[in-house]
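Enquirer: this one's sequence-less:
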């Protein structure tokens with residue numbers, strides 16, 4: 001009986017290029033009470049535009065915002 005050595009598979013997630021720049025291209029508006037839950041529990045949130053994703057980064061002032069979310073947010077009444 002003989003044994004073979006198999007090459008080690010590439011286990012990086014698809015689409016990563018090996019850099020540390022994993023910042024989202026734009027940020028979305030999400031209900032405040034869902035942000036912490038998603039960050040801690042890993043659950044997905046639904047943005048105003050309908051996109052569903054887990055929260056992984058927090059926006060900083062001046063970060064690009066999803067134009068659809070921004071349009072919907074500006075159309076909301078105060079307190080909605």
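Expert: Thanks, I have the structure now. What you are looking at is a predicted structure, and each value in this text was computed from that prediction instead of being measured. Numbers count the residues shown, from 1 in each chain.
Enquirer: measure the nearest residue in space to residue 64 that is not next to it in sequence to residue 72 for me?
Expert: The spatially closest residue to residue 64, leaving aside those adjacent along the chain, is residue 26, at 4.3 Å (C-beta to C-beta, 6 or more residues apart in numbering). C-beta coordinates here come from the backbone N, C-alpha and C atoms, glycine included. Plainly put, residue 26 is 14 Å away from residue 72 if you go by C-beta to C-beta, to the nearest Å.
Enquirer: same deal with residue 25?
Expert: Distance, residue 25 to residue 72, using C-beta to C-beta: 19 Å.
Enquirer: So which residues of this protein form helices?
Expert: When secondary structure is read from DSSP state H, the chain shows helices at 32-41, 67-75.
Enquirer: so what's residue 30 up against?
Expert: For residue 30, the contacting residues are 38, 45, 46, 47, 48, 55, by C-beta atoms under 8 Å, 6 or more residues apart in numbering.
Enquirer: among those, which ones are buried?
Expert: Listed as buried from those are 38, 45, 47, 48, 55; burial here means 16 or more other C-beta atoms under 10 Å.
Enquirer: my guess is the second one contacts residue 69, does it?
Expert: Spelled out, it's residue 45. No: look at residue 45 against residue 69 with C-beta atoms under 8 Å: they stay out of range, at 11.8 Å.
Enquirer: Pipe the helices of the chain into TSV and attach distance to residue 60 and mean pLDDT per row.
Expert: TSV is the format used below for those (distance: least, C-beta to C-beta, whole Å; pLDDT from 0 to 100):
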stretch	distance to residue 60	mean pLDDT
helix 32-41	15	88
helix 67-75	16	92
